[in-house]
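# sharing a model prediction with you, sequence too.
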Amino acid sequence: MMKYRLLALLSAAAIMLAGCGSSDSSSSADANKPSDGTGTSAVTEASEAVTEAAPAEDSSYTRSKSFVETKDYPSLKELYKDRFLIGCAISTKVMNSPEYTQLAVEQFNSYTAENEMKPERVLDQQTAMSDPGKYNEHVPVTYDSIRTCLEYAQAHGFAVRGHTLVWHSQTPEWFFYKNFDKNQGNVDRETMLKRMENYIKDVLEWTNENYPGLIYAWDVVNEAASDSKGMRKESKWYEVVGEDFVEKAFEYARKYAAKDVKLFYNDYNAYQARKQKDIISFLKPIAEAGNLDGVGMQSHIGLYLHPNSFMSAVREYVEELGDIEIQITELDIGKDKSDNWEEKQKELYKGFFEGLMELQDDGIKITSVTIWGLTDDMSWRKGENALMFNRDLSRKPAFDGVVEAITGSGDSEEEAA
Ligand code: XIL
């Protein structure tokens, strides 16, 4: 057992060295590339250890060795390579685990940080509080968390979706207060706009200078629409800046983003008729100003959904907003109470991917599809078994559904063998 633990630690260290070694914010994008230049050396290192290593983090759980031996399934990123990028939301738990990393690298070619690139991980409260007057309009940021993500993504050959710049959630409240102090109330709109502009500028410029070409899209604004009507009112951005905060965010993002970085608006339930209407109405002027490249449809859905209604909504965005891209940014499909939920889930995953490819065949630009997490036990939707892999890293029928959608096969196991 000790030997296994040691191996796990050593392989984790290999990942850290290959992927996260830099602590210099000005390091060039190539500084930590594996020496063979393929971006795979850490993975190879990891996969060697996988056959022997026990799970390093979860001592209450012993994973069966057989998961490695039976892991002979096809690679989604290969199958879909002529269609769209196929991504996964990756957490630190995955980044720190050689075996999770191995699975993610085998299957996916796009990476979204599940939490580590959100404003709460980037805004630097300590420095801000050290001299609130000095930092009033230009709030300090720290790039450690983003850097760890981008080093990992680069070392393992992932393209990156940047998630997210302007959001009511996972953004600290102190960011919106006079002198960063709750007791002093909100800052005025003009100051908040300066803070917004500087935040967007800093993050876009730093990522582009240090990792040019790695991030292909940013969720500039996340979840600005209300679940009931119009714009979400319970948002500090809405409260302090007002209705046009979305427009301003895109204006700044366009000003500072590199040419090849696509600017996205991202939301959940973005396929629901009423919410879609509201989203379109506030995105229209932004699209007309040339500041919107795409809509991210999160797609946290359930077995109730019919793919056709979702696909019609995709068409609607393109009809209303012009020549934009659509990305499925956070797909997961929760189970229901029926006994055959796993079969139904497989069919919906399959139908969903088939629908997306039909849209593509009609000329709609579906450029990336991301699943929001790797294994069911790690999903943010606890107990809903919404993803494609089991805790032991074996594939679920849902995975076969996604394979069958593109191979046209009714029996992916035969195909995979
Ligand atoms: C979720 C993460 O998965 C959780 O780990 C975290 O606790 C909360 O945020 N919409 C988004 C994502 O845009 O960033 C959210 O991610 C899920 C909903």
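Nice, thanks for sending it over. Residues are numbered from 1 along each chain as shown.
# when you work out contacts or count neighbours from here on, use the C-alpha atoms and nothing else.
Fine.
# close to the ligand: what parts of the stretch 251-400 of the chain are there?
Neighbours of the ligand within the stretch 251-400 of the chain, by Cα under 6 Å from any ligand atom: Trp380.
# can you name the helix or strand that the residue of the stretch 251-400 of the chain found nearest the ligand falls in?
Among the residues of the stretch 251-400 of the chain, Trp380 lies closest to the ligand, at 4.7 Å counting by Cα to the nearest ligand atom. Trp380 is part of no helix or strand when elements are defined by DSSP states H and E.
# quick one: Gln327 is in a strand?
Yes - membership of Gln327 in a strand is supported by DSSP: H, G, I helix; E, B strand; the rest coil.
# ok, now which ones touch it?
Neighbouring residues of Gln327 by Cα atoms under 8 Å, 6 or more residues apart in numbering: Gly294, Val295, Gly296, Met297, Ile366, Thr367, Ser368, Val369.
# make a PyMOL selection of the buried ones in these.
To isolate the buried members of the contacts of Gln327 in PyMOL, using 16 or more other Cα atoms under 10 Å:
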select buried, resi 294+295+296+297+366+368+369
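# tabulate the contacts of Gln327 (JSON lines), appending secondary structure, pLDDT and distance to Asp323.
Formatted as JSON lines, the contacts of Gln327 follow (DSSP: H, G, I helix; E, B strand; the rest coil; pLDDT from 0 to 100; distance: Cα to Cα, whole Å):
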{"residue": "Gly294", "secondary structure": "strand", "pLDDT": "98", "distance to Asp323": "9"}
{"residue": "Val295", "secondary structure": "strand", "pLDDT": "99", "distance to Asp323": "11"}
{"residue": "Gly296", "secondary structure": "strand", "pLDDT": "99", "distance to Asp323": "14"}
{"residue": "Met297", "secondary structure": "strand", "pLDDT": "99", "distance to Asp323": "16"}
{"residue": "Ile366", "secondary structure": "strand", "pLDDT": "98", "distance to Asp323": "12"}
{"residue": "Thr367", "secondary structure": "strand", "pLDDT": "98", "distance to Asp323": "13"}
{"residue": "Ser368", "secondary structure": "strand", "pLDDT": "99", "distance to Asp323": "16"}
{"residue": "Val369", "secondary structure": "strand", "pLDDT": "99", "distance to Asp323": "18"}
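# so what's the nearest residue to Leu123 once chain neighbours are set aside up against?
Leaving out its chain neighbours, the residue that sits closest to Leu123 by Cα to Cα, 6 or more residues apart in numbering is Val141, at 4.5 Å. Shown in contact with Val141 (Cα under 8 Å, 6+ apart): Val122, Leu123, Asp124, Tyr199, Asp202.
# recalculate using a threshold of 6 Å.
Val122, Leu123, Asp124 (Cα atoms under 6 Å, 6 or more residues apart in numbering).
# do Ser91 as well
Glu114.
# and it, how far from the ligand?
Going from Ser91 to the ligand by Cα to the nearest ligand atom, to the nearest Å gives 8 Å.
# one more: Val94?
Distance from Val94 to the ligand, by Cα to the nearest ligand atom: 12 Å.
# which residues are in contact with that residue?
Counting by Cα under 6 Å, 6+ apart, Val94 makes contact with Tyr100, Thr101.
# which SS state does it fall under?
helix.
# quick check: pLDDT value at it.
Looking at Val94, its pLDDT is 97.
# and what of Phe84?
Phe84 is assigned a pLDDT of 98 by the prediction.
# pretty sure it contacts Ile364?
No - contact criterion Cα atoms under 6 Å: Phe84 and Ile364 do not qualify, at 11.7 Å.
# who's more crowded, those two?
Phe84 (21 against 18; other Cα atoms under 10 Å).
# ok, now which ones touch that one?
Contacts of Phe84 (Cα under 6 Å, 6+ apart): Thr367, Ser368.
# roughly how far does it sit from Pro285?
Applying Cα to Cα, to the nearest Å, the value for Phe84 to Pro285 is 28 Å.
# still on that earlier bit, let's have the contacts of Gln327 in CSV, adding distance to Glu234.
Converted to CSV, the contacts of Gln327 look like this (distance: Cα to Cα, whole Å):
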residue, distance to Glu234
Gly294, 25
Val295, 22
Gly296, 21
Met297, 21
Ile366, 31
Thr367, 31
Ser368, 30
Val369, 29
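# what is the nearest of the contacts of Gln327 to Asp131?
Of all the contacts of Gln327, Asp131 sits closest to Gly296, with 37.5 Å by Cα to Cα.
# what's the closest non-adjacent residue to the closest one?
In space, Gly296 is closest to Asn266, 4.2 Å off (Cα to Cα, 6+ apart).
# buried sites along the helix or strand that neighbour falls within?
Asn266 is part of strand 262-267 when elements are defined by DSSP H and E. Of the residues in strand 262-267, Lys262, Leu263, Phe264, Tyr265, Asn266, Asp267 count as buried by neighbour count, 16+ other Cα under 10 Å.
# for the first one, what are its contacts?
By Cα under 6 Å, 6+ apart, the residues touching Lys262 are Ala217, Asp293.
# and if we set it to 7 Å?
Contacts of Lys262 were listed using Cα atoms under 7 Å, 6 or more residues apart in numbering, and they are Tyr216, Ala217, Trp218, Asp293.
# ok, now which ones touch the closest residue to the ligand within the stretch 201-350 of the chain?
Closest contact between the stretch 201-350 of the chain and the ligand, by Cα to the nearest ligand atom, is at Asn222 (6.3 Å). By Cα under 7 Å, 6+ apart, the residues touching Asn222 are Thr164, Val166, Trp167, Tyr265, Asn266, Asp267.
# before we move on, back to that, so what sits against both of Phe84 and Ile364?
In contact with both Phe84 and Ile364: no residue, using Cα under 7 Å, 6+ apart.
# okay, and the beta partners of Arg395?
Residues in a beta bridge with Arg395, per DSSP bridges, are Phe389.
# next, count neighbours for it.
Counted with other Cα under 10 Å, residues neighbouring Arg395 total 19.
# find the helix or strand that Thr370 is a member of.
With DSSP H and E as the test, Thr370 turns up in strand 365-371.
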